[in-house]
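Asker: The following block contains a protein sequence and its predicted model.
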Amino acid sequence: MKLTILGCYAATPRTLTNPTSQVLEIKNRLFLIDCGEGTQVQLRKNKLKFSKINHVFISHLHGDHFFGLIGLISTFALLGRTTDLHIYGPKGIKEIIDLQLKLSNSWTNYQLFFHELESKESVIVYEDDKVIVKTIPLKHRVYTNGFLFQEKIGERRLDLNAVRDYEIDKCYYQNIKNGRDITLEDGRIIPNHKLTFEPIPPLSYAFCSDTKYSEEIIPLIENVTVLYHESTFLQSEETLAQKTMHSTAKEAAKIALKANVKQLILGHYSTRYDSIDVFKKEAETIFKEVLLAEDGKSFEF
């Protein structure tokens with residue numbers, strides 16, 4: 001699982017910082033999460049192939065999280081894209097994009113599918129044979145969802161020494177990996193657990209931005225491999241965080257601790273601070289496994 005941060009700052013684009021956007025690579029799928037202004041430039045800088053992006057997840061309709069979407073859609077058209085593009089986001093995202101295309105007399109040579117979200121409960125928005133994606137309802141000034149990306153449990157792993165000892169033909173290997181017992185020629189039944197190891201533990205990634213501190217998300221993100229939680233402010237600006245319905249680094253760490261996540265990544269920083277190192281320092285007073293998102297930085301798990 002690889003996460004590439006395209007932008008991780010709040011509000012406006014600046015000379016050296018970009019608003020929220022990131023790419024998650026999981027089980028050979030490429031998912032774009034939020035699409036702030038300048039996303040397509042950051043995709044190019046980070047050498048991520050446009051053609052591999054077929055699913056875009058928009059958390060909410062504040063500009064710093066989706067103003068780059070119409071530009072990306074238009075560029076896809078100019079590049080001759082023909083593959084369908086699926087966009088998951090709050091109700092209203094289709095109206096916005098359709099209006100922009102209509103009034104600019106633009107169109108796409110590929111199909112746009114909008115999956116508009118209204119539920120205040122967690123729902124499955126995407127699923128295939130390898131990955132499932134669910135919403136994480138968040139508390140912000142407008143309707144907002146985070147997203148939980150989970151690998152499905154894979155095949156059991158063959159114990160090659162065991163299958164050789166029992167002289168099992170290779171044509172049965174797939175059945176064994178699928179969990180089946182094997183009947184030998186002499187009639188003996190070999191239980192699957194004697195022929196395999198447990199599957200590789202599935203990885204998971206929770207994206208939670210923007211949101212005020214809310215323990216209601218804990219059951220949804222419990223034990224995830226990686227949690228990205230917004231930390232717009234430091235605790236010294238707690239009152240401002242409450243007023244704007246954002247979180248502090250300390251509050252993000254509290255959520256990570258209570259949800260028993262393995263790794264916390266902080267992001268969505270206010271640019272009022274001279275250094276982002278202070279966010280890590282504050283969070284580590286609560287939770288030790290803290291990483292800082294930075295534009296252009298990749299994490300592999």
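Answerer: Cool, the structure landed.
Asker: Flag the shaky bits of the stretch 101-250 of the chain, pLDDT-wise.
Answerer: Of all residues in the stretch 101-250 of the chain, none has pLDDT under 70.
Asker: Break down it into its strands, ranges please.
Answerer: Using DSSP state E, counting those that start in this stretch, the strands of the stretch 101-250 of the chain run over 112-117, 124-127, 131-138, 144-151, 157-158, 182-183, 189-190, 196-197, 204-208, 226-230.
Asker: Report all helices and strands that the fourth one contacts.
Answerer: Using 3 or more CB pairs under 8 Å, 6 or more residues apart in numbering; DSSP states H and E as the contact criterion, the secondary-structure elements in contact with strand 144-151 are strand 21-26, strand 131-138, strand 204-208. Yep, even glycine has a C-beta here, placed from its N, CA and C like the rest.
Asker: The last one to strand 21-26, inter-axis angle?
Answerer: Spelled out, that is strand 204-208. 160 degrees (axes from the mean of the first three to the mean of the last three CA atoms, to 10 degrees).
Asker: Given strand 204-208, what are its sheet partners and their directions?
Answerer: Taking DSSP bridges as the criterion, strand 204-208 forms sheet pairs with strand 144-151 (antiparallel), strand 226-230 (parallel).
Asker: What residue spans form the domains of the protein?
Answerer: Domain segmentation of the chain under automatic domain parsing yields 2-154+200-300, 157-197.
Asker: end to end, how far does the shortest one reach?
Answerer: Meaning domain 157-197. 5 Å (CA to CA, to the nearest Å).
Asker: Kindly report the same for the longest one.
Answerer: With CA to CA as the measure, the first residue of domain 2-154+200-300 is 4 Å from its last.
Asker: need the contact list for the closest residue to Q42 other than its chain neighbours.
Answerer: Nearest non-adjacent residue to Q42, counting by CB to CB, 6 or more residues apart in numbering: L6, 3.8 Å away. Residues in contact with L6 (CB atoms under 8 Å, 6 or more residues apart in numbering) are 18, 21-23, 36, 39, 42-43, 46, 295-296.
Asker: Out of those, the closest to V226 would be?
Answerer: Q22 (11.4 Å; CB to CB).
Asker: Now the helix or strand hosting R44: average pLDDT?
Answerer: Secondary structure from DSSP states H and E places R44 in helix 39-45. The pLDDT scores in helix 39-45 average 97.
Asker: Buried residues, it. List them.
Answerer: 39-40, 42-43 (16 or more other CB atoms under 10 Å).
Asker: Also stretch 184-195?
Answerer: So for stretch 184-195, counting by 16+ other CB under 10 Å, buried means 190, 195.
Asker: name the helices or strands packed onto the helix or strand just after the helix holding R44?
Answerer: Note on helix 39-45: by DSSP H and E, the next helix or strand toward the C-terminus is strand 55-57. Counting contacts by 3+ CB pairs under 8 Å, 6+ apart, strand 55-57 packs against strand 29-35, strand 85-90.
Asker: Quick check: which of those strands is buried the most?
Answerer: strand 29-35 (a mean of 24; mean count of other CB atoms under 10 Å).
Asker: From the chain's centroid, how far away is that one?
Answerer: 7 Å (CA atoms, centre = their mean, to the nearest Å).
Asker: and what of stretch 62-75?
Answerer: 18 Å.
Asker: Now it: buried residues?
Answerer: In stretch 62-75, counting by 16+ other CB under 10 Å, buried: 62, 64-74.
Asker: Export those residues as TSV, with columns for distance to E116.
Answerer: As requested, the buried residues of stretch 62-75 are exported to TSV (distance: CB to CB, whole Å):
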residue	distance to E116
H62	17
D64	20
H65	16
F66	13
F67	18
G68	19
L69	14
I70	16
G71	21
L72	18
I73	16
S74	21
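Asker: Closest to T232 out of those?
Answerer: Distances from T232 to the buried residues of stretch 62-75, taken by CB to CB, are shortest for D64, at 10.9 Å.
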